[in-house]
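> missing the sequence, but the structure's below:
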């Protein structure tokens, strides 16, 4: 993975198998060159807010998109989303929740907190790969974000 200052996609996923599948889907479509993976919510917040091991980064050099699982160790995905969307420096970063949770309360709270998209992880391998590829292509190549 590249230096954290060059990140286009921040993948926040604690399941190593899902992270590997996502990485492969993005690599296959040349979208993983500037991807950084973190395995828990605390590390995600440190990355996003340039703290701890990521203090050399600048918050303003945020990723083009964050792919966020909800069920994370240390700090859950909803808390990460809450912190991200409540800070003026990071609130415009698009966040796509990619999770196994189909709970209506998780969906509603995610949208109330400002998530840009909520995707339930497909169980089928091929559908998972297609979903990750499509969301990567849209958010990295097609979406036109405001200048920071």
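Noted; the coordinates are in hand. Please read these numbers as outputs of a predicted model, since none were measured by experiment.
> hey, let's count contacts and neighbours off CA atoms from now on
Noted.
> what are the boundaries of the helices in this structure?
Ranges of helices within the chain are 16-28, 41-48, 77-85, 104-113, 125-136, based on DSSP state H.
> most tightly surrounded among the ones you listed?
helix 41-48 (a mean of 22; mean count of other C-alpha atoms under 10 Å).
> next, the angle helix 77-85 makes with that helix.
20 degrees (axes from the mean of the first three to the mean of the last three C-alpha atoms, to 10 degrees).
> what is helix 41-48 packed up against?
For helix 41-48, the elements it packs on are helix 77-85, judged by 3 or more C-alpha pairs under 8 Å, 6 or more residues apart in numbering; DSSP states H and E.
> report the distance from the helix it packs on to the chain centre.
Averaging C-alpha positions (C-alpha atoms, centre = their mean, to the nearest Å) puts helix 77-85 11 Å from its chain's average.
> ok, residue 23 - contacts?
residue 32 (C-alpha atoms under 8 Å, 6 or more residues apart in numbering).
> quick check: the gap between it and residue 103.
Noted for residue 23: a distance of 26 Å to residue 103, by C-alpha to C-alpha, to the nearest Å.
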